[in-house]
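Colleague: Quick one, what's the 3D model for this:
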Amino acid sequence: MADKQIAIKVTGVGKIFQPQSSSRTIKEAFISIGRRISGKRKLNHHLGEYEAFNDISFDVNKGDFFGIVGRNGSGKSTLLKILAGVYTPTKGSVQINGKLTPFIELGVGFNPELSGRDNVFLNGALLGFSRKQMLSMYNDIVAFAELYDFMDTKLKNYSSGMQVRLAFSIAIRAKSDILLIDEVLAVGDAAFQQKCFEYFRNLKENGQTVVLVSHDRSVIEQYCNRAVLIDDKNVVAIGKPSQIFDKYAEIVRVQIESDNSTETKKVKRSKRWGTGD
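Modeller: This is a model prediction of the structure:
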């Protein structure tokens, strides 16, 4: 497939988090500099470094509804933030072809001391809309969020679900080539989730490019045409959502059996009187 048909190209991406500490010794500083000069990058757990993932590569084609699947701690959200430009990869590259809008941390930029109404215009400005544009969209935003009676209430008095509904209703007004969505349906009642599902259906019908992180097999299988499974810091498989979730289920099963086996051994050892030798 020609590169012009690729919306996102991820090549050999790895991410290592380092502690933000100013108390490093001179020796530690020289060791760090030496690693960078030599090109040899090894984890130093003594210094608190953490490797989110090691070597991630995949393509998202234009028009794909692309799912990212993996166990908790596998780096899904970190990967999404790298795609959004929030994080810089330690190695590898990410190529984005088109305008991108992340639905990662809904409500970022909200002011709890301002009313819901004021926050609509504040958040809209952060998304690049003029006040005139926000005025034309205001009624639709409030209707989608179903917060008619609360728009003059300070945001700090909103429940978390109300804040997400308002943030999501504003965010979907953004016109982008690519959308990044991270478990936004985890908060909200059944009625609001149904609206989100309808919004997903419209995106799919219109050929919108979407990258979706979710643990929900039914959501991934219903909307995504392709998915990637990440585990143990690497890409395990890329393909049809049903196949990806079958592999995911197998990984979870093996982990559960391993955990149960470890726990059984601990119980058996605890009944012994000796040292266990």
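Colleague: drop to CA atoms for contacts and neighbour counts, all remaining ones
Modeller: Will do.
Colleague: Show me the shaky parts of the stretch 1-150 of the chain.
Modeller: The stretch 1-150 of the chain contains residues with pLDDT under 70 at 1-4, 20-47.
Colleague: ditto for the stretch 151-277 of the chain
Modeller: Ranges of the stretch 151-277 of the chain meeting pLDDT under 70: 184-188, 262-277.
Colleague: For it, which segments count as strands?
Modeller: Ranges of strands within the stretch 151-277 of the chain are 178-182, 209-213, 226-231, 234-239, based on DSSP state E, counting those that start in this stretch.
Colleague: Show me what counts as buried in the first one.
Modeller: Along strand 178-182, these residues count as buried under the neighbour rule (16 or more other CA atoms under 10 Å): Ile178, Leu179, Leu180, Ile181, Asp182.
Colleague: Now do that strand: which elements does it pack against?
Modeller: helix 76-84, strand 100-103, strand 209-213 (3 or more CA pairs under 8 Å, 6 or more residues apart in numbering; DSSP states H and E).
Colleague: which of the ones you listed sits most buried?
Modeller: Burial among the helices and strands packed on strand 178-182, expressed as mean neighbours by mean count of other CA atoms under 10 Å, is greatest for strand 209-213, which shows a mean of 25.
Colleague: CA atoms only: put it into CSV for me.
Modeller: Extracted C-alpha coordinates of strand 209-213, given in CSV (Å, rounded to 0.1, in the frame of the first residue of the first chain):
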residue,chain,number,x,y,z
THR,A,209,-9.6,7.2,10.7
VAL,A,210,-9.9,6.2,14.4
VAL,A,211,-7.5,4.6,16.8
LEU,A,212,-9.3,3.1,19.8
VAL,A,213,-7.9,1.7,23.0
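Colleague: Now do it: which elements does it pack against?
Modeller: Against strand 209-213 (3+ CA pairs under 8 Å, 6+ apart) you get strand 65-70, strand 178-182.
Colleague: Make TSV out of those strands and add distance to Ala7.
Modeller: Shown next, in TSV, are the helices and strands packed on strand 209-213 (distance: least, CA to CA, whole Å):
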stretch	distance to Ala7
strand 65-70	11
strand 178-182	8
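Colleague: can you tell which of those strands is closest to Met162?
Modeller: strand 178-182 (17.7 Å; CA to CA).
Colleague: sec struct for Cys53, please.
Modeller: Actually, residue 53 is Phe rather than Cys. strand (DSSP: H, G, I helix; E, B strand; the rest coil).
Colleague: Quickly note the distance from the spatially closest residue to it that is not a sequence neighbour to Ala227.
Modeller: Nearest non-adjacent residue to Phe53, counting by CA to CA, 6 or more residues apart in numbering: Lys233, 3.8 Å away. To Ala227, Lys233 is 16 Å away according to CA to CA, to the nearest Å.
Colleague: Between these two, point out the one with more neighbours.
Modeller: Between Lys233 and Ala227, counted using other CA atoms under 10 Å, the more crowded position is Ala227 (28 against 18).
Colleague: Looks like that one contacts Gly239 (just checking).
Modeller: Yes. In terms of CA atoms under 8 Å, Ala227 counts as a neighbour of Gly239; the distance is 5.6 Å.
Colleague: hmm, back to that, same list (the buried residues of strand 178-182) but as TSV, adding distance to His215.
Modeller: Below are the buried residues of strand 178-182 laid out as TSV (distance: CA to CA, whole Å):
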residue	distance to His215
Ile178	21
Leu179	18
Leu180	15
Ile181	12
Asp182	10
